[in-house]
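Trainee: I need the structure of the sequence given here:
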Amino acid sequence: MELNDVYLQTLTEFLRKTLDPDPAVRRPAEKFLESVEGNQNYSLLLLTLLEKSQDTVIRVCAAVTFKNYIKRNWRILSDAISIIGREDFPQKWPDLLTEMVTRFRSGDFHIINGVLRTAHSLFKRYRHEFKSNELWSEIKLVLDTFALPLTELFKATIELCQTHATDVNALKVLFSSLTLISKLFYSLNFQDEEEAGLLELLKSQICDNAALYAQKYDEEFQPYLPRFVTAIWNLLVSTGQEVKYDLLVSNAIQFLASVCERPHYKHLFEDQNTLTSICEKVIVPNMEFRSADEETFEDNSEEYIRRDLEGSDIDTRRRAACDLVRGLCKFFEGPVTTIFSGYVNSMLGEYAKNPAQNWKHKDAAIYLVTSLASKAQTQKHGITQANELVNLNEFFVNHILSDLKSPNVNEFPVLKTDAIKYVMIFRSQLPKEQLLQAVPLLISHLQAQSTVQHTYAAHALERLFTMRGPNNTTLITSAEMAPFTEQLLNNLFKALALPGSAENEYIMKAIMRSFSLLQESIVPYIPTLIGQLTHKLLLVSKNPSKPHFNHYLFESLCLSVRITCKANPTTVGSFEEALFPVFTEILQNDVQEFLPYVFQVMSLLLEIHSNSIPSSYMALFPHLLQPVLWERTGNIPPLVRLLQAYLEKGGASIAGSAADKIPGLLGVFQKLIASKANDHQGFYLLNSIIEHMPTESILQYRKQIFILLFQRLQSSKTTKFIKSFLVFINLYCVKYGAIALQEIFDSIQPKMFGMVLEKIIIPEVQKVSGPVEKKICAVGITKVLTECPALMDTEYTKLWTPLLQALIGLFELPEDDSIPDDEHFIDIEDTPGYQTAFSQLAFAGKKEHDPIGDSVGNPKILLAQSLYKLSTACPGRVPSMLSTSLNADALQYLQGYLQAATVQLV
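Mentor: Residues are numbered from 1 along each chain as shown. Predicted coordinates for the structure are as follows:
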């Protein structure tokens, strides 16, 4: 709606009609105003009438309509302010709070509630943001401006509730205000003073600096170091267990850890009393499981797992204490192990007296043993180097196994989690029989109510299933898992139903790994499991929020398809019946994160079919060519693969029933080769078109394809493009013959065939990489050399020997992998905004396709046989061309090929 006289006049007429007593006139006018209130400038038109109309009735009417409009749309306005506020408040919008407080005085609770909603959406982030000086400053600013007016509003609203105690409608509005005010109080009071103060932060930073000086400026810092050690020691023994001191204590311990492992400071630590004192006063107290840790374990499992399992515990007391144990063991492994073993036994003794009361003692003992035993660790193998003075097997049998075997999986969840973690991190040190003993126990812990506990159980199983035995097969075999297969699969899927684990990535990864390990053993369970997986896929597709979980979910689907269809390819139809309804919904709702996955699974399914395309796929084919799908970079690799599968399984049926879609298919190719990042994908598609489409169906498009490629060569010639171009023209030659290749080049421009040979094929073919790509080029060039009369009898003849030499070079010389300096950043292209990345599904992998196949076993033998055939057609010609201009080394290699093929040139 434009802000002009025509619209003002129209609005005036409809406002007047809303005052008409006749409902037949009044109601359509009211409906019209409601229908246009979403239009641009509607509110400005009302305000203009309110200000400028000469008719008092119209002015009053405009005011009432505007008020109702604000009431109806305050929620939208509130949301808009919230979105802007999250970006601009407080720096770019300092007076927002004052404006909001002013609205409290309006007396209209529709407006007040809108303001409260806006405030709630702005302040609720204080509940979960990490503590920082910026956050504290912002909260202080809010409290200074907002706290008193909010409290006054709360009191006034309570009084109004008493005044309107009998008015149900009024109470509904007032109680919604009280609820919002209470939420605001909650947000503004959520952050507490558990945060380290400036003094703690300063001390912590000094410890950090001192550790740096001890490591980097050894000589200069040496005179000061003993005083620092004393000062930091005194600091450690006098600092409490409160959370706000965690960073300080962690940095202080890390300082001692960095000093004790340096050879020329070891004298500071070698006294037995010093080592005992460090263990008693620093290490053991800081390994204890505090109530704050227990709270995180129970109420914030994701954070606990992130710290403990994923290694983000860099600043925790436990991690620092563990690093100090490791540092001390570098020079004092024997004494340290003896002292700490005493503490371990003492803690275990305390636990044995009263397990229910003293379970934290055992937790600390396990952590201390783990710290003592761990010398080197990797994500893939767990602990790879252990302290030989610690008997890990004995500790496992005497103290770990009992917790794993406990019939009540929900008792002492922290200790059970410790036991599971022990198996997981020492998996490379424990003998196989103990790991096999642990497997069924870990499976039972998948049913534990504790999120951390059943997550660790899933992760431990997944890690055990990846372990490799002596002959590089899995350490634990499918046969060894047979007695537990059913319970493993049941418990893993049941675990996804436990509170807090609906999208637990560790459980889904364990499902994927179990499928991969068990292979055909899962086939009997697939009809049930595929239903559960597709149901889960449907649920998460509504709001994809856990990328790792989603990835493992699709991997599990791929494994289900691969394993089952390997045993019985006809079952592919039942997978399509199960998956296609969910895939259709994902495609219709344009769930961007899932489209690349869906295309990969569809490719896998279509590739399993024998040489035909089911009608369900053909119905989808036109939609796959829609330009909007190809705008997203993450869709390109899987969509190209899917189109390749269509062409491979039904090139003829596309040419027959969907010939009108061929220009669309070529349009996709044209778009892709115009991009430096995606041109190779364009060639994959083009090569499949050449290989699988009937010749007559693309005859009319061939010349245009070559013209497009030459245009790209002229505008932007890159190494990647050249390599793909070489493979394409040689594949074209293999498919249609050398004469057809020469003729199409020369039809675009006279003598172009010679230019392509001289400027591209001969100098660049050495850059082609990959066995299949090299084979295509070798067979194509062989055909050009031996089946193209123009190369023997025209001005092109001078290129025959250089081309043969280039081919022998392709066979015998190392690949030329040099890239010009200006091409190193070729793959970085401007992609507008956020783009879903392409994540390759490992278990949807495509086998490399060889378009030449078994028809040519050894291209060198083919060259020898083809040259022999050519020489018999024109005797004397070939030997003389070879002897006059072929390089001596190349000639020697060629003699070898001729001998191997048992032929002689004539």
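Trainee: domains in this structure, as residue ranges please.
Mentor: 5-190, 198-268, 375-602 (the TED database).
Trainee: Just give me the lowest mean pLDDT stretch among those.
Mentor: Lowest mean pLDDT of the domains of the chain: domain 5-190, a mean of 82.
Trainee: What's the end-to-end length of that domain?
Mentor: Distance across domain 5-190, first residue to last, is 53 Å (C-alpha to C-alpha, to the nearest Å).
Trainee: roughly how far is that domain from the heart of the chain?
Mentor: Its chain's C-alpha centre and that of domain 5-190 lie 40 Å apart, by C-alpha atoms, centre = their mean, to the nearest Å.
Trainee: can you check stretch 440-450 too?
Mentor: Worked out by C-alpha atoms, centre = their mean, stretch 440-450 lies 28 Å from the chain centre.
Trainee: how about the strands in the protein?
Mentor: 374-378, 382-386 (DSSP state E).
Trainee: CSV please, covering the domains of the chain and showing mean neighbour count.
Mentor: Using the backbone N, CA and C atoms, a C-beta is placed for each residue, glycine as well. Shown next, in CSV, are the domains of the chain (neighbours: other C-beta atoms under 10 Å):
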stretch, mean neighbour count
domain 5-190, 15
domain 198-268, 16
domain 375-602, 18
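Trainee: Output those as TSV; include the columns distance to Asp660.
Mentor: Output for the domains of the chain, formatted as TSV (distance: least, C-beta to C-beta, whole Å):
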stretch	distance to Asp660
domain 5-190	40
domain 198-268	67
domain 375-602	22
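Trainee: between those domains, which one is nearest to Gly651?
Mentor: domain 375-602 (17.6 Å; C-beta to C-beta).
Trainee: From the chain's centroid, how far away is that closest one?
Mentor: With C-alpha atoms, centre = their mean, you get 19 Å for domain 375-602.
Trainee: Repeat that for stretch 876-884.
Mentor: 59 Å.
Trainee: Just the residues contacting that stretch, thanks.
Mentor: Contacts with stretch 876-884, where a contact means C-beta atoms under 8 Å, 6 or more residues apart in numbering, come from 792, 800-801, 804, 867, 870-871, 891, 894, 905-906.
Trainee: Most neighbours out of those, which is it?
Mentor: Leu804 (27 neighbours; other C-beta atoms under 10 Å).
Trainee: Would you confirm that that residue contacts Leu886?
Mentor: Yes: checked against C-beta atoms under 8 Å, the pair Leu804 and Leu886 is within contact range at 6.7 Å.
Trainee: hang on, the earlier thing: between the domains of the chain, which gets nearest to Leu810?
Mentor: domain 375-602 (32.9 Å).
Trainee: quick revisit: go through the domains of the chain and name the closest to Lys723.
Mentor: Of these, nearest to Lys723 by C-beta to C-beta is domain 375-602, at 24.8 Å.
Trainee: can you map out the helices along the stretch 301-450 of the chain?
Mentor: For the stretch 301-450 of the chain, helices defined by DSSP state H, counting those that start in this stretch occupy the ranges 301-308, 317-353, 355-373, 392-395, 401-405, 413-425, 432-445.
Trainee: which residue packs closest to the most centrally placed residue in the chain, ignoring adjacent ones?
Mentor: Centroid-nearest residue in the chain, with C-alpha atoms, centre = their mean: Pro547, separated by 5.3 Å. Of all residues not flanking Pro547 in the chain, Glu593 sits nearest, at 7.2 Å (C-beta to C-beta, 6 or more residues apart in numbering).
Trainee: mind checking how far the one you found is from Thr786?
Mentor: Going from Glu593 to Thr786 by C-beta to C-beta, to the nearest Å gives 52 Å.
Trainee: for Asp679, same thing?
Mentor: Distance from Asp679 to Thr786, by C-beta to C-beta: 31 Å.
Trainee: Also Tyr186?
Mentor: 84 Å.
Trainee: and stretch 881-897, how far from the chain's centre?
Mentor: The chain centroid and the centroid of stretch 881-897 are separated by 53 Å under C-alpha atoms, centre = their mean.
Trainee: Mind listing what's buried along that stretch?
Mentor: 881-882, 886, 890, 893-894, 897 (16 or more other C-beta atoms under 10 Å).
Trainee: between those, which is nearest Lys846?
Mentor: Using C-beta to C-beta, those come closest to Lys846 at Tyr897, 32.5 Å.
Trainee: I'd say His454 and Gln447 touch.
Mentor: Yes: with contact defined as C-beta under 8 Å, His454 counts as touching Gln447 (7.0 Å).
Trainee: Common neighbours of these two, please.
Mentor: Listed contacts common to His454 and Gln447 are Ala495; contacts here mean C-beta under 8 Å, 6+ apart.
Trainee: can you tell me which residues contact Leu135?
Mentor: Leu135 is in contact with 126, 129, 191, counting by C-beta under 8 Å, 6+ apart.
Trainee: could you redo these as CSV and give each row distance to Ile698?
Mentor: Converted to CSV, those look like this (distance: C-beta to C-beta, whole Å):
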residue, distance to Ile698
Tyr126, 63
Glu129, 59
Gln191, 67
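Trainee: which of those lies closest to Phe154?
Mentor: Looking across the contacts of Leu135 and measuring by C-beta to C-beta, the closest to Phe154 is Tyr126, at 18.5 Å.
Trainee: ok, now which ones touch that closest one?
Mentor: Contacts of Tyr126 (C-beta under 8 Å, 6+ apart): 135, 139, 187-188, 190-191.
Trainee: Need the contact partners of stretch 332-352.
Mentor: Under the criterion C-beta under 8 Å, 6+ apart, residues 266, 269-270, 272, 275-276, 279-280, 283-284, 325, 328-329, 358-359, 361-362, 364-365, 368-369, 372, 387, 389-390, 399 lie in contact with stretch 332-352.
Trainee: Which of those are buried? Put it as a ChimeraX command.
Mentor: Applying 16+ other C-beta under 10 Å to the contacts of stretch 332-352, the buried members can be selected in ChimeraX as follows:
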select :269,275,276,279,283,284,325,328,329,358,359,361,362,364,365,368,369,372,387,390,399
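Trainee: what's the burial count for the spatially closest residue to Trp800 that is not a sequence neighbour?
Mentor: Nearest non-adjacent residue to Trp800, counting by C-beta to C-beta, 6+ apart: Leu791, 5.4 Å away. Counted with other C-beta under 10 Å, the neighbours of Leu791 add up to 21.
Trainee: you'd agree Leu791 is up against Lys798?
Mentor: No: taking contacts as C-beta under 8 Å, Leu791 lies outside contact range of Lys798: 9.8 Å.
Trainee: overlap in contacts of the two?
Mentor: Counting by C-beta under 8 Å, 6+ apart, nothing touches both Leu791 and Lys798.
Trainee: residues in contact with Leu430?
Mentor: Leu430 touches 392-393, 396, 423, counting by C-beta under 8 Å, 6+ apart.
Trainee: Relative to Gln899, how far out is it?
Mentor: The value you get for Leu430 to Gln899, if C-beta to C-beta is used, is 58 Å.
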